[in-house]
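A.B. asks: based on what follows, work out the 3D shape:
(2 chains)
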Amino acid sequence: MFIHNFKYSIKLLLKNRQLVFWTLAFPIIMAVLFNMAFSNIENSETLEAIDIAVVDDNSFNSSLIYKNSLKSLGEGDERLFNITYTDEKGADELLSEKKVTGIFRIVKNEPVVTVNSNGLRETVLCYVVNEIKSTGDLVMKLGFEDIRKNISSGNKIDYEKEFTDIAQDVLSSDANINNVSTSNMSYIMIEYYSLIAMACMYSGLLSMTLMNYRLANVSAVGKRSAVSSAKKSRIVLPSLLASFVVQIAGLILLYLVLIFYVRADFGNELPKIILLSLAGSIAGLSVGTAVSVMVKAGENAKFTGLVGVIMAGCFFAGMMGVMMKNIVDKNVPILNKINPVAMITDGLYALYYYNSYERFWFDVISLAVFSLIVLLISINGLRRQTYDSI
Amino acid sequence: MTVFNAFLKVVKKNIITIIIYTLIVIVFAAANMQTDNGPTGFISEKPDIMIINNDQGSALSKNFEKYLRENTNIVDIHGSDEDIADALFYRDITCIVTIPENFGKCVISGNTPEVEIRTCGNDFAAFSEMIISQYLRIQNSCAKRIQDESKLIETINSSPNKKAEVNITTKLDTSVMSKSKTYFNFAAYSMMSCILFIVCLVLSSFNELSVRKRTIVSSMNYKKYGFDLFLSSFSYAFAVWVFFMLLSLIMVGKSMISLRGAAFMLNAFVFTLSALALAYMLSCLLFKKNAITGIVNVLTLGFSFLCGVFVPAEFLPSWVLSIARVMPTYWYIQNNELIGTSEHLSGDVRSLLINFLVMGGFTLVFAIVGIIVSGRKRKIA
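C.D. replies: Below is the predicted model of the structure:
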């Protein structure tokens, strides 16, 4: 009886095209779309060499500090600028065609920067020009200070060497910065994590569809099941197991796409990720069961409603914009503490970003408690459903 | 009138869906309509950083903090280490600078104290590192010559206040244009969803075999029936366009009442026509109403992700943009970009017209495919 029900439950699920689309195909389509849209977004956030034009005239050539500094900033693999040396007209053309971020020129011995608009690249250009100007002034100040000291102590002075040494000293001075950043800073991963969470929660659609077949007040099959001699547990448990099996198959497909096509970074924590996905899928199954049992509405209304609720959960968990999860976590933390999509997303995020596992286990336990509460509510609802007539 | 009433019934039944799509555009556009800088002059971008100063008593560490305050936005994150780490991950801050305990003493004694930084690795983080590095280099080279703390601070501070002259060429109000562009880009998703979802639902109801058979055998003039369907669909699509244009007046403001505002609206209208034609074609191709939600979702999300609605087109890989060219949304977004960034709109009329023509071409192709498929179906019925 158990195996018979299980087999037919699987058949029922796989023959329902709408269900197959939402639970198996939709997450994969979204993963492909995410990959296409986000594959370049973080690369474009890095500070690449900035294209600038320098007006190469007599004024520029006589301002040695700018000439030499810009030359050194435009050399090497880690250069800050890609410099085009040109005349006034050429520089203006390059800027108007947006081929360069800005123009550097010397006017009346003072540096002048021309940019098209405001922006980070433009700011960096201005900052660097200001710093060259400041460093030049500082070299002069320190140089005169040294010369004054040497004169007062009666030492012989080589002016040119004095200034060159100081300039060399300032430019080669070590900042001694220890960068302890971690490499796991890709916030786009949150998109994929919330997608996995969505796929886990879509198991609710599977369990809800099967439970609708078992409920006398929803379907004709349910009426026949209700009057049969079979125990409710023998009807309900195979349905839940079948939903779980189909869900796992869907998740495996999604993970295959994410690992081999999208190349999402899951680190070396695969067992824990599997555990979290299973816990998430159980949470989804329990939600679907509860909606089917507790909500008195038609099949379509329940389906649309559940998809809507899951999508709302995804929205708060950051699927439609990574920052949303952060905004909710900061301002209405309770919302994501009771949102199973956010619990799954947060658990995956904790595994990716943090070295410790406290936050991960907190999310797993939260999911388990959530599932238990929702399942208890469903069981309580199911136990009370008896009909004299319907 | 019968057709029109049926249309209104479906709209009423799906009003929640329409409200949700409207809320999406409001939430997303509002979240992304951050105030840009105005056109009046050059304003420097400042990275958001956090400072952990473990050498509070030292004047040198305070001077370092002061320099960072002048060149960056200092953000204070109150909470646990986890909250700070989260803020870095989500780019609330781009860099955490930790000034060590013995910073001041170390500098005075001629050594170079190690300053620890933790960044999120983006362009603003790189700029923060540049600012920090610049100060420390100046400080260290001054400290080799000056051992008196107050004189050292005075010398360091004498240099960073020199500013070069900066000229900005744009005459555009980039703040307003950025807002308008963001709104109209996001509106593409919501407008297309509202039109595709409802028009497909209504037209596929009329295309159902049993309804079609009844219509064919009825006394109703077939041409009038077809015209009524077209008029109802067009009226609905027009109403959606009017609604989103009115919403743009609220979201963007008075600047919509201008030549550029009119250009944005015209672009949205041409796009609405393509969406309407696409809805007509889909309703002729689809056999089951159940499939509508799925297909409409995949199409609208697909168009939006690949054409630059959710992710700005400049961040999309070139191969994705090549694929996007076969979608009307791409040409709509291209026009929005032109309208929002062009210094002289009159100079870009040709490009604008080409994009309009491509959208018109899509409208025509969708309509022709729909007419052919619906003609075939009529024969089958």
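A.B. asks: check contacts around the residue most central in space within chain A.
C.D. replies: In chain A, the C-alpha nearest the mean C-alpha coordinate belongs to residue A:188, at 2.4 Å (Cα atoms, centre = their mean). Residues in contact with residue A:188, defined by Cβ atoms under 8 Å, 6 or more residues apart in numbering or on different chains, are A:34, A:38, A:41, A:42, A:322. For the C-beta atoms, the positions are set from N, CA and C on the backbone; glycine is no exception.
A.B. asks: 6 Å instead?
C.D. replies: residue A:38 (Cβ atoms under 6 Å, 6 or more residues apart in numbering or on different chains).
A.B. asks: same question for residue B:354.
C.D. replies: Here residue B:354 is in contact with no residue (Cβ under 6 Å, 6+ apart).
A.B. asks: dihedrals phi and psi, it?
C.D. replies: Backbone geometry at residue B:354, expressed as degrees, to the nearest 10, gives phi -60, psi -50.
A.B. asks: let me see the ranges of the strands in the stretch 151-300 of chain B.
C.D. replies: Chain-ordered strands for the stretch 151-300 of chain B, with DSSP state E, counting those that start in this stretch as the definition, fall at B:165-168.
A.B. asks: domain-wise, how is chain A divided?
C.D. replies: Here the domain assignment for chain A is A:2-34+A:189-383, A:49-171, based on automatic domain parsing.
A.B. asks: out of the ones you listed, deepest packed?
C.D. replies: With neighbours taken as mean count of other Cβ atoms under 10 Å in any protein chain shown, the domains of chain A reach their highest mean count in domain A:2-34+A:189-383, at a mean of 19.
A.B. asks: how far does that one sit from the chain's center?
C.D. replies: 21 Å (Cα atoms, centre = their mean, to the nearest Å).
A.B. asks: and it, what's its mean pLDDT?
C.D. replies: Averaged across domain A:2-34+A:189-383, the pLDDT comes to 89.
A.B. asks: how about stretch B:22-38?
C.D. replies: For stretch B:22-38, mean pLDDT is 66.
A.B. asks: cool, stretch B:216-236 as well?
C.D. replies: Rounded mean pLDDT across stretch B:216-236 is 83.
A.B. asks: same question for that stretch: list its buried residues.
C.D. replies: Judged by neighbour count using 16 or more other Cβ atoms under 10 Å in any protein chain shown, the buried positions of stretch B:216-236 are B:225, B:228, B:229, B:232, B:233, B:236.
A.B. asks: which one of those is nearest chain A?
C.D. replies: Of all those, the one with the least separation from chain A (Cβ to the nearest Cβ) is residue B:236, at 21.0 Å.
A.B. asks: ok, residue A:140 to residue B:147 distance?
C.D. replies: Applying Cβ to Cβ, to the nearest Å, the value for residue A:140 to residue B:147 is 21 Å.
A.B. asks: next: residue B:154.
C.D. replies: Distance, residue B:154 to residue B:147, by Cβ to Cβ: 13 Å.
A.B. asks: can you tell if stretch A:189-199 touches chain B?
C.D. replies: No. Using Cβ under 6 Å from any Cβ of the partner chain, stretch A:189-199 never reaches chain B; the gap is at least 8.5 Å.
A.B. asks: follow-up on the earlier one: among the buried residues of stretch B:216-236, which two are most distant?
C.D. replies: Distance extremes for the buried residues of stretch B:216-236: the farthest pair is B:225 and B:236 at 16.9 Å, using Cβ to Cβ.
A.B. asks: which one's the longest helix in chain B?
C.D. replies: Using DSSP state H, we find that the single longest helix of chain B is helix B:174-207.
A.B. asks: how about the residues of the stretch 1-150 of chain B near chain A?
C.D. replies: So the stretch 1-150 of chain B meets chain A at B:37, B:43-45, B:89-90, B:112, B:114-123, B:126-127, B:133-134, B:136-137, B:140-141, B:145 (Cβ under 6 Å from any Cβ).
A.B. asks: can you pull the pLDDT of residue 62?
C.D. replies: I'll assume chain A. 87.
A.B. asks: hm, I was asking about chain B
C.D. replies: As predicted, residue B:62 sits at a pLDDT of 93.
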